[in-house]
Structure formats: C-alpha cells, structure tokens
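Visitor: Take a look and give me a structure for this.
(3 chains)
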Amino acid sequence: MDNVIRSRTPAARVWRLMLHLTLLVAALWYLLPLAVMVLTSIKPLGEIGAGSLLALPENPTLAPWLKAWGSACTGMRCDGVSGYFWNSFAIVIPAVIIATLIGALNGYALTKWRFKGAELVFAMMLFGCFIPFQVILLPMAQTLGWLGLSSSRAGLIFVHVVFGIAFTTLFFRNFYVSIPDELVSAAKLDGAGFFRIFWRILLPVSKPIIVVSVIWQFTQIWNDFLFGVAFSGHDTQPVTVALNNLVNTSTGVKEYNVDMAAAMIAALPTLVVYVLAGKYFVRGLTAGSVKG
Amino acid sequence: MRALMRFSPLRHTLLGLAVAGALGAAGQAQAGEVEVLHWWTSGGEAKAVGELRDLLEAEGHEWKDFAVAGGAGDSAMTVLKSRAMSGNPPAAAQINGPEIQEWGELGLLGNLDDVAEEGNWDELLPEVVSDMMRHDGHYVAVPVNVHRVNWLWANPEVLDDAGVEMPTTWDELFAAGETLREAGYVPLAHGGQPWQDATTFESVVLSLGGSDFYRRAFVDLDEQTLQSDTMIEALTTFKRLRELMDEGMPGRDWNQATGMVIDGEAAMQIMGDWAKGEFTAAEMQAGEDYVCAPVPGTEDAFTFNIDSFAMFQLDDESARQAQQTLARLILEPDFQKTFNQIKGSIPARPDLDMSGFDSCAKRSMEAFQAARDADTLVPSMAHRMAMRSDVQGAFFDIITNYFNSSDMTAEQAAERLGQAAKLAM
Amino acid sequence: MKSVSTPGEAARPVGAPVSRPSVTGHLQAWLPKLVLAPSVVISLCFVYGFMLWTFVLSLTDSRMLPSYDFVGFAQYARLMNNERWWVAATNLGVFGVLFVGLCLVLGAGLAILLDQRIRREGMLRTLYLYPMALSFIVTGVVWKWLLNPGLGIQAMVRGWGFESFTFDWLVDPDMAVYTLVIAAVWQASGFVMALFLAGLRGIDDSILKAAQLDGASLPRVYWRVVMPCLRPVVFSAVMILSHIAIKSFDLVVALTGGGPGYSSDLPATFMYAHAFTRAQIGMGSASAILMLGGVLAILVPYLYSELRSRRHG
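Guide: Model prediction:
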C-alpha cells in the first residue's frame, strides 16, 4: 500500500521513530530464545552456569557443535545426531513431494471440475487438519501392522502423507479458486484432458502455492516427534527423536552447550528454508492461499 | 486374551516369514538378533548396558539398540505399546513391577523357564524379586538390579558449615533445616515433578506408619488405612517439607536437584540410590564427599525399585536363542557387578561378593538382607512397583496437587486417596 | 477399514462398460472424482474411521492395550468425576482464547506497522516469522530457562538492578498456563503477521486513497476500510491457530510438564498420559472424544457461517 504520506513535520518524525522502535523491540523479543541457544551452543561448559544467559562467550568454541554432530552419545551409539539427520531427510523429502502432488491434484479437481458435493468433500477433508495426533496413534499402529509397514521408513512416510494431504488440499484448493475458470474452459473446448490441463495450465502458475505447501509440510514433518518416536524402527528414527534422547538423558554432567548445538542442528534445515524461502512464502500466501 | 486373538492374522504372516527366514539361514550358525527397548540413555547407564551388549555379541548374537529417553520411560512405553499394537514387539523391553503382569495377561511375553532352571533362579533370587518376574508361574522377565528408594543424601561440608548433624528424626530434620536456611543454604533439594513428589511422600508414609501400614495403604489399597489419622499426619509432614525446599523447584529434574547438593547449594536430598551416579560422575567418594542415610524413621525398612527386562514371544528360532542368551547373561556375576557399580544399585542376586562396591551400596545390601528377614521389604509406590499404573496415576495426581496447592487440606487429600483406591477395585 | 483403495480399484465402475463408444469421454468426466477418491478414502479411513474406532474404545474397559469388553458410558462418567480433566479442559479454554486472540492482535498490529514502508522490512519479516520453523522439542529447553525465575528473565532483570522484579509464573500453579500462552504466541504470531501482511498487500490501493481523500485518519482507515477486507485472512488465521491450540502438546511437555502439580495440563496431554502411561485407554479415548466434540462445536458453526457468507457475498 502506498498510502504513507511522508510529511516532514516533527510529529511525523516522532511517529516514525516510535514505529521503528516498536518493530525493533518486537524483533528482539522474537530473537531472544534463538540468541540464547546460539550463545549457549558456543560457550565452553564452564561459562554456562557462571554468567547470565545472554552473556557473550569469553572463549567461543565450535567443539559442542562438532560433538553434537559426530560424537555425542544417545543410548549406546556415540555418533552424534548426524545419522538421524539424514534419516529425517529420507522421510521428509518423499513425504513432502507426495503430499504436495496429491494436494495439487485434489485442489485442481475440486475447483476446476466442480461436481455436486465438491464443497462437502472439501469440508470433510478439512476436518482432518484438526484431529489431534495422539488420538490416532494406536489405531494407526495397528493399521500399519496390517499393512506390513510397521517400524519402517515407508510406514512413517505413509503416515505423514495421510495427515498432510488435508493441509495441502486446503492450500491448493484456495489458490486454484482464484485462477480464472475461463482458461480451463477454453482448454476443455479444445479437447484437452484432465491431466493435460493440469500439466499445461495450472501447474505453470502454481509456483507460489507449491512453495507454501512445501514449506508448510517440510516444517511439520521435520519437526514431528510423536509419529517419529512411535512408528520408526531403531535405525530409522528421525532427528527430533535423537534430540529428545540427547536432551533428556538424565545422569551425568549435563552438557547444555552440546544439547543446544544439537537443537540448532535439528532446527537448521527448517530455519534455512524459512530464511531463504520466507520471501516466497509470504508472496505465496499473498497469491491467494489466504483468500477464500 | 482377546488382544492376542486380534494379533493372530499377523502372527501367521510373521510365522511364515520366520519359517522362510529359518530355512534360508539353516546352513548358518544360530546367530540371532535381539532388539532391546530401554530408556537407559545417559552416559553411565548407557555404558552399563554397553557391557551387556558386548557380552551378547561375544556369544555371536547381534544387539539392536532401541533407546528412547524421556519422562522416566513414558516415551519408551508409548513406543512399546505402538509396537505391540502393530504386531512386532521388540525381543526384550525394560518393563518393571506389576506391569510385567499386565503384559503377561495379554499373552505377549515369552517363556524363560528353561534358562531359569539352568541358572537356578529360584534359589538365586530373593522371593520378592522372583515373584515379580513370573507370570502364571512361568518366568517371563529377568531382574537387572535392586534400587533402594528411601535414602537421604547429604553434602557433609554444608552440614559442617551450618553446624548440624545428619538428621535421624523428622524433628531433627526440620530443626536442621532452619539452621541451614539461616546459613544461606537450601536445606532440601527437590524437583517438583509428580514422581519426585511421590518418592518423598512414600518415604514419609513408611517412616510414620511402618512397613505394614505402608503395604496396607499402597499394596492392598485399603480405604480405611488411606484415610486414617496416620496418613493425614504423613500428608501434613510431607507438606511441611516444602518449607525446606526452594522456590525454583517446579519442573526441575532430579539430577539437577542432586547437582545442587553436589555444588553445595543445597544440603540434602531424598532420592533413590541412582543419585549416586551423579555423585560418582562428579568424582565424589561415598562416605567422604557425600553421605547416605536412610530417610528418618525408615532405618529398618527397604523400599525397593527393581529394573527388569521382559522378554516378548518370538517365532524366529535364532532370535529366540539370542533372547534366551541375553536373559542368562543378565544374571551372570560379571555383568551384575559391573552394571550395578555404575548404576548405583545393588545386584539382583544377593549371593555376590560386594567387595568392589562403595559403602552406600554395601549398606544397601545389608539393609536388603535384614529387611528380607524382618519382612520389611516394601515395593516403591512412586516407581510402579506397588500398584497398577492407573491407580498409581490417580495417586500421583492427588499427591502432587496436594503438595502444590495452597487450599487442599491433608484431610481432603486422604479422603481422595481413599476414593481413588475404591474406584480402582 | 483394512484396505486403502487405490485409483485402480475405484475405477472399476467406470471401466466396466467397454462397449460404449464414448468411453474416453466418460472417463474424462469421472477422472476428477477418481483423482479425489484415494484422498477421500484415506480421509474416511484414517480420520473418520479412527475417530469411530476411538469412540468405540471409549465405550470399553480397555486398559493397557485395546480390548472390546463394553461398559457403556462408564468411562465418560469417570471422566466427569475427574478433577484433573476439568483443570485440563478449563486450561484449554483459557489458553485457546488468549492464544488465538493475542496472535491475531499482535499479528495484525505488526503487519500494519511493517506495511508503513519500513526499510529493513525483509529482515524484520524473517525475524518475526522464524519461530514457526522451530518445534518446541528444539526450543523447549531455552523457554524453560527464560521463564525459570532463578535463571531467566527474572534473574536477568534483577541483575540489571531492579531487585524487586518478579516473574515467576512458571512456578506458580495459578499462572503456569499463561507461560504456555507466552511461548505459543511467540511461535505463531509471526506467522499470523505474514498472513495479514499478505492480505494487506492484496488490497486495492484505490480504496484506501479514496478513503483518505474523504479525510479519514489513518487508524480509522485501517479499522473501517482495511480490516473488513481482511476477513478471509482472519478466517484462515483462526483456523490455523485453533488447530495449533488444540494440538498443543510438545509445548506443554517441554515447558511445564503439566505442572506445578497438574495445573497447566491440557486435554492433549491428559489424553496422552492416560492412554499411554497410565494404561487407561478407555478413559483416554473418552477424553479424546470429548475434545473432538468441543472442536466440532466451535468449528462447525464458524466454518459454516464463513463458507456460506462467502458464497453469497
């Protein structure tokens, strides 16, 4: 909006100052926990109890990071969180791709090939967003057993896809609603089929919403703990489970700096995604996902 | 039994797979895998379990480690239930106390009678222990250790500095508390988590009521006992202990509380003997840098907490062999000694030579033997030894709410304990 | 419930009459439904089916693992008599209202401020948004530190010389639930800000110019002209926020563990504790069903009125 009147009166200047100050204070509040994490993760253990949480490290060190990555012990395995880190990727990437693809097709079918009851189907699927995951834990475990997918990576991917499509469908449906129907009807008249229209007309303009959907799914699945701990085998646990093991170990000297470094490592992929793609995320939301 | 029936289609497929696997592997030696679910993830504990893995692998089997930390085994239990529901439980899982019976009732546990007979477990294990390991007369689990819960730990330097002696009665404890407070120390380190509240409370009950009273209240769940004047007195004393604790206790982990004693910030802590692991990690010597004493008034009694591994039914023959080997190894002297020296507990078999253990562990073993003879061995309520987990959960709620709430009276709390016990019947 | 239908299976009624000449045309007409079918089936099985399953379990005396001995509504009666359940339910009310409300106010406020041609907008936006990328498994420890009176904010402010400063909500049974609100608002308000900002960017400038030419003050323009345009944004935000509020679980576990006592318990943690650690699957399921009922009671009318008004408006 270009409605700001840049007047040079003193009152306007005070107003701009206040504005910037407010925004800065808010930024500091949002930054506080991350700052504490980063600062703690590069302090030697001795400095942690000694100073305040926000004290700068006197002898910054990367050792906690190296230890968290490669040699911290969880259970009997002393090879850090690195292995689990890749496990997470192996789960997240297929799950995100599949859920996004299904969501896109659903959104397309719901909006451009309207049929009786489409709204009802949409509302029905939407409700899937609200079911608390604790509720479905045991039924899901048994179902995975029936499907022969228990304790496997495929099982975990399956679960994430199942509970991800409600969201991806919501995103794509709301986005495609705002794409003019004329484009599609013209193509239909030309005899183009369902998939051809999707591929040629809808997909090329879907970039913003794909970004939104991918970022959302990536964050949700990467940060998941409950499914990860309940449905993974001993060698397919995601990084959140490893982090939990590391942080919750209850004996011995607590290495807060290593805990924090491990937490940062676990958080890094989603942070990077938000920082790099944040712009596109907001743009994607603007492009229509938030409009009904 | 119903539960078992619902697993049966899957069992068939598993069996099929197992048969196929066994045929394929027929030419090889009987090397099997054991997947072990446990929550011993911290440094010392993991090292202790590592001994077991090495022993197992020396026998040619493979150990698959499935460690899940958090919430004193809560997360691990969730995983176990999810695995059981999906029809592929791990070969062995850390399951303690009456829960072994609950799993046994579902028909999911395997039979260890052969190993038990070979190893003469009936004679080796004290009866309280072996009873807990059996379901329906058959051995289904192996005990790893025995923890004593009713310990009071103290930092002697702090006591000396404030000029107080190690208290042996509650009056002494409260008096010492005042002196310590004036000297600038936290008299009693505590973490405000439900199980820690319950750990403290059960010791107070044992102290004021004695072991018979304790058993009537927490094992028999007798309503009158739970609502008796003695219980109300115990509740009142328990809440008075708050005066000796500090403001920052809510949510604190037990080992952070122990850390306060180690650092000399606090004088004492009521906690089971796993606290020793913390002192040892801080390179402190029992009897010199830190001292242990039974909680006042519980000298002659012993509240036990036994860690054990329950073995699940397996169809794969080689895996079963590996599982049985694991069960045998757990009770072998070598493992019992190394493990328990690291863990802070005493061996599950009392026939071992205790020479390598520290003074607190020796005292613990003596107390265990004495309590066994005097029939004052009692199961820990706070550590899932005394009652089913639903009743225990209800008790935890009442105890922790009473301890933290300013408007619930001891009478009301006792009343509710009685009600909770009645509902459980 | 056993089989997940694949597109192939669902296609059978369509593919059957091969002799018809217009089979491809028919297929085209059916394709959208075919494409949707797997998702619908999945949703029927894994959302509605599991809800039904949970409801069935809530009528049984299931303890450690599900069993099917029916006891009627006894578990609900037990739940009604359970004081902890009422604490958890009340907490969800308090937490949900405050969380959604504060996020909307903060998010809208920050979005409006950011919309005033701020030079470093991109950077600030990222700073506000990043907490959404982190789970409480990651940030829980830090929040515990910050809110702990002996270590965190209280100690820090006292260290700056304000000796009487007190901030001990984490350890106060009456206030602990508000610490959950603080941490949750920290996490989600930036995201709401992004939603509002996106909405603001989508508003046609001419409307605003016209309003300003009419002599309306800036706050008035926002309140009277801009906010009504943002109604769909508010709708999306409320949906997403209530979804977060209802599912709040990691947050409680990481921050308060439900304590002191069980004063900051939420239904999600109550359900988890009973179903998984206390071997009371029956009662846990009953609590889950009541929780879902509550969600339905609030969301369905809202969803209905919003979808309806938009179709007509």
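Visitor: got the contact list for residue 39?
Guide: In the absence of a named chain, this looks at chain A. When the contact criterion is Cβ atoms under 8 Å, 6 or more residues apart in numbering or on different chains, the partners of residue A:39 are A:53, A:54, A:55, A:56, A:57. (C-beta placed from N, C-alpha, C; glycine too.)
Visitor: looking at chain C here, not the other one
Guide: A:102, A:106, A:125, A:165, A:169.
Visitor: just curious, which of the residues you listed is nearest to residue C:142?
Guide: residue A:165 (33.1 Å; Cβ to Cβ).
Visitor: Next, count neighbours for the closest one.
Guide: With neighbours defined by other Cβ atoms under 10 Å in any protein chain shown, the count for residue A:165 comes to 26.
Visitor: cool, and residue A:77?
Guide: By the measure other Cβ under 10 Å, the count of residues near residue A:77 is 17.
Visitor: Can you give me the pLDDT of it?
Guide: At residue A:77, the pLDDT value in this model is 73.
Visitor: try residue B:36
Guide: What the model reports as pLDDT for residue B:36 is 92.
Visitor: doesn't it fall inside a strand?
Guide: Yes: Residue B:36 forms part of a strand when assessed by DSSP: H, G, I helix; E, B strand; the rest coil.
Visitor: so it touches residue B:62, yeah?
Guide: No: counting by Cβ atoms under 8 Å, residue B:36 stays clear of residue B:62, with 10.8 Å between them.
Visitor: The two: who's more crowded?
Guide: In this view residue B:36 and residue B:62 are compared by other Cβ under 10 Å, and residue B:36 has more residues nearby, 26 against 15.
Visitor: can you tell me how far the spatially closest residue to the more buried one that is not a sequence neighbour sits from chain C?
Guide: The shortest distance from residue B:36 to any residue other than its chain neighbours is 4.8 Å, reached at residue B:92 (Cβ to Cβ, 6 or more residues apart in numbering or on different chains). In this structure, residue B:92 and chain C are separated by 18 Å, where distance is defined by Cβ to the nearest Cβ, to the nearest Å.
Visitor: ok, now which ones touch residue A:85?
Guide: Taking Cβ under 8 Å, 6+ apart as the definition of contact, the neighbours of residue A:85 are A:239, A:265, A:266.
Visitor: before we move on, the earlier item: which ones among the contacts of residue A:39 are found in strands?
Guide: Cross-referencing these against strands under DSSP state E gives no overlap.
Visitor: Stretch B:112-129: end-to-end distance?
Guide: The first and last residues of stretch B:112-129 sit 15 Å apart, counting by Cα to Cα, to the nearest Å.
Visitor: And that stretch, what's buried?
Guide: B:112, B:115, B:116, B:119, B:121, B:124, B:125, B:126, B:128, B:129 (16 or more other Cβ atoms under 10 Å in any protein chain shown).
Visitor: with these in mind, which one is nearest to chain A?
Guide: Relative to chain A, the closest of those is residue B:112; by Cβ to the nearest Cβ it sits at 22.7 Å.
Visitor: ok, back up a step: may I see the contacts of residue A:85 organised as CSV, with secondary structure, neighbour count and distance to residue A:87 added?
Guide: As requested, the contacts of residue A:85 are arranged in CSV below (DSSP: H, G, I helix; E, B strand; the rest coil; neighbours: other Cβ atoms under 10 Å in any protein chain shown; distance: Cβ to Cβ, whole Å):
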residue, secondary structure, neighbour count, distance to residue A:87
A:239, helix, 30, 7
A:265, helix, 22, 13
A:266, helix, 29, 12
